[in-house]
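A.B. asks: Any chance you could fold what I've pasted below:
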Amino acid sequence: MSTPCVEVKHLQKYFDVGKGKLHAVDDVTFKIEKGKTMGIVGESGCGKSTLGNTIIHQHESTGGQIFFNGEDVTHVKGKELKKLRENMQIVFQDPYSSLNPRYTVETTIREPLLLSKRYKKNEIADEVTRLMELCGIDERLRLAYPHELDGGRRQRVGIARALALNPDFIVCDEPVSALDVSIQAQVLNLLQDLQEARGITYMFVTHDLSVVRHISHDICVMYLGQLVETSPSKELFTDPLHPYTKALLSAIPTTDIHNIQPRIQLKGEITSPVNPKPGCRFAARCPHATDACRQPQKLEELMPNHYVSCCRARELNGL
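C.D. replies: Model prediction:
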């Protein structure tokens with residue numbers, strides 16, 4: 001079996017707050033195969049972006065392990081961290097605030113090339129041209145500033161910058177959520193074309209289930225810092241097993257008036273992520289919760305490559 005591009009084991013990221021520790025990422029384990037896309041979905045504030053930032057060392061982990069191409073990179077620092085970051089990049093959510101307003105398109109894409117010291121000065125201009133062509137940025141925009149571009153073009157610049165050093169792994173942190181629907185499709189198609197051409201591995205963070213269905217090979221569902229379900233993309237949409245996943249999928253708008261699915265309304269108070277008690281964090285809102293749900297839960301493989309963190313999943317799904 002081939003070595004996964006990225007693997008995390010029991011990863012944790014806690015933040016100190018006034019009343020204790022906020023468990024933003026708590027005991028998360030998964031792996032992403034090379035050249036594949038792992039979608040990370042869940043409500044706002046569930047820890048999706050923090051998970052991505054922790055993997056690429058924008059945040060340092062509180063506990064657990066991070067492996068990149070089979071090598072433990074949990075605590076790398078200095079030159080090793082700089083080298084690692086050349087292979088692990090990020091495309092940010094906001095294509096405007098993530099770009100320096102004083103940098104032209106050319107300067108933005110050129111900066112990582114200069115910092116890497118891989119290229120001679122006379123090679124950099126040609127490399128910038130190649131990256132612009134690769135990402136569909138017109139040559140006439142070479143000296144344009146971010147405020148002169150629309151959202152789609154800004155995001156293409158952000159993607160070109162992320163691709164500059166030919167990384168193996170890119171965290172896409174809600175890269176299309178700030179864009180119009182027609183522009184979203186263009187950016188998603190660009191990401192898929194780049195993956196096919198260069199074998200890039202993506203971690204695609206989003207709250208838009210229709211987007212993640214389009215681009216992901218596998219999907220992890222997060223709730224308050226923990227994974228509650230992970231499975232191949234198609235299977236998650238056709239056969240969800242966790243009550244929270246079912247509620248999320250029921251909220252997807254549909255145009256099929258002959259097959260309208262009932263919306264699952266979640267009630268109850270959201271559990272605090274600060275010093276949470278053991279047990280399922282979804283239990284307070286789950287219509288199927290029992291006393292057993294107050295005990296610690298763990299991901300179990302209920303179907304091939306389909307893992308669920310719910311002590312009642314077998315019973316509720318007739319497995």
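A.B. asks: Going along the chain, name the helices of the stretch 1-150 of the chain.
C.D. replies: Assigned by DSSP state H, counting those that start in this stretch, the stretch 1-150 of the chain shows helices spanning 48-55, 78-87, 105-116, 121-134.
A.B. asks: ok and the longest one relative to helix 105-116, angle-wise?
C.D. replies: Helix 121-134 and helix 105-116 are oriented at 130 degrees to each other (axes from the mean of the first three to the mean of the last three Cα atoms, to 10 degrees).
A.B. asks: And helix 121-134, what's buried?
C.D. replies: Neighbour counts over helix 121-134 (16 or more other Cβ atoms under 10 Å) mark 124, 128, 131-132, 134 as buried. In this view, the C-beta of every residue, glycine as well, is placed from N, C-alpha and C.
A.B. asks: What about the closest residue to Val8 other than its chain neighbours, how many residues nearby?
C.D. replies: Leaving aside its chain neighbours, Val8 sits nearest to Ile66 (5.5 Å; criterion: Cβ to Cβ, 6 or more residues apart in numbering). Around Ile66 there are 22 other residues, counting by other Cβ atoms under 10 Å.
A.B. asks: who touches Ile66 in this structure?
C.D. replies: With contact taken as Cβ atoms under 8 Å, 6 or more residues apart in numbering, Ile66 is in contact with 6-8, 11, 54-55, 72-74.
A.B. asks: quick one: pLDDT of it?
C.D. replies: Ile66 carries a pLDDT value of 96.
A.B. asks: Double-check Gly39 against Ile215; I have them as touching.
C.D. replies: Yes: here Gly39 lies in contact with Ile215, judged by Cβ atoms under 8 Å, at a distance of 7.0 Å.
A.B. asks: okay, and the common contacts of the two?
C.D. replies: Phe204.
A.B. asks: Neighbour count: those two, which is higher?
C.D. replies: Gly39 (27 against 19).
A.B. asks: Please name the nearest non-neighbouring residue to the more buried one.
C.D. replies: Ser216 (3.3 Å).
A.B. asks: Ok, Leu141 next?
C.D. replies: Closest residue to Leu141 apart from its sequence neighbours, by Cβ to Cβ, 6+ apart: Val105 at 5.4 Å.
A.B. asks: my guess is that neighbour contacts His147, does it?
C.D. replies: No: taking Cβ under 8 Å as the definition, Val105 is not a contact partner of His147, at 11.9 Å.
A.B. asks: okay, those two: which has more neighbours?
C.D. replies: The neighbour comparison of Val105 against His147 (other Cβ under 10 Å) goes to Val105, with 27 against 9.
A.B. asks: measure the residue nearest to Val8 to Thr201 for me?
C.D. replies: Ile66 sits at a distance of 14 Å from Thr201 (criterion: Cβ to Cβ, to the nearest Å).
A.B. asks: which residues do these two both contact?
C.D. replies: Val6.
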